[in-house]
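Engineer: Turn this into a model:
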Amino acid sequence: MNKLRARRGYNPLAPFVIRWEPSAQGIKRSACRLLPGYVFFETADIPDWSQLNSDEEVLRILQYEDGQYALRGSDLAFVAWLKKYDGTIEISHVLQVGSKVEFLDEPLIRYGRHVTKVNKNRKQVQIVLGDEGTLLHSIWCSIEYVEANADAE
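Structural biologist: Predicted structure coming up:
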């Protein structure tokens, strides 16, 4: 599907997130779709929405309440940020600071102040991307805890 759209002049992006997943060998790193079923694309021209919508692999095209399809605001900023990481969010290292986590590295350091939930058992954080008016409200990403280095002082 993405190859067909690329030939039509669209530049598709189906983002991944690296997660800790249980396996027979214990917990391992695994690439999962960040937003299953979602594909973002960009084009130099105004897209032919009816042509895209008639594609048998397209269930529907998301749109804002005002009927607009093109991403904007925090949604557009998030997809631009994803592109900087080639569409893949790696596991971020965090430090436990009281009841909160502090990101130590990319890619999630930018979104540290937007963490709303921490699931210690699954080593995941929920990050709010925008307000209720956005298409992409929040995502879950994996983290790896690191110990504070007492010798650093």
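Engineer: buried sites along the longest helix along the chain?
Structural biologist: With secondary structure taken from DSSP state H, the chain has its longest helix at helix 73-84. Within helix 73-84, the residues scored as buried using 16 or more other Cβ atoms under 10 Å are Ser74, Asp75, Phe78, Val79, Leu82. Backbone N, C-alpha and C define where each C-beta goes, glycine included.
Engineer: can you pull the contacts of Glu65?
Structural biologist: Taking Cβ atoms under 8 Å, 6 or more residues apart in numbering as the criterion, Glu65 is in contact with Gly133.
Engineer: what secondary structure does it sit in?
Structural biologist: coil (DSSP: H, G, I helix; E, B strand; the rest coil).
Engineer: I'd say Ala14 and Val39 touch.
Structural biologist: Yes. Ala14 is within contact range of Val39, at 4.8 Å (criterion: Cβ atoms under 8 Å).
Engineer: quick one on the thing from earlier: and the buried residues of helix 73-84 as JSON lines, adding distance to Tyr10?
Structural biologist: Putting those into JSON lines (distance: Cβ to Cβ, whole Å) gives the following:
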{"residue": "Ser74", "distance to Tyr10": "22"}
{"residue": "Asp75", "distance to Tyr10": "17"}
{"residue": "Phe78", "distance to Tyr10": "19"}
{"residue": "Val79", "distance to Tyr10": "13"}
{"residue": "Leu82", "distance to Tyr10": "16"}
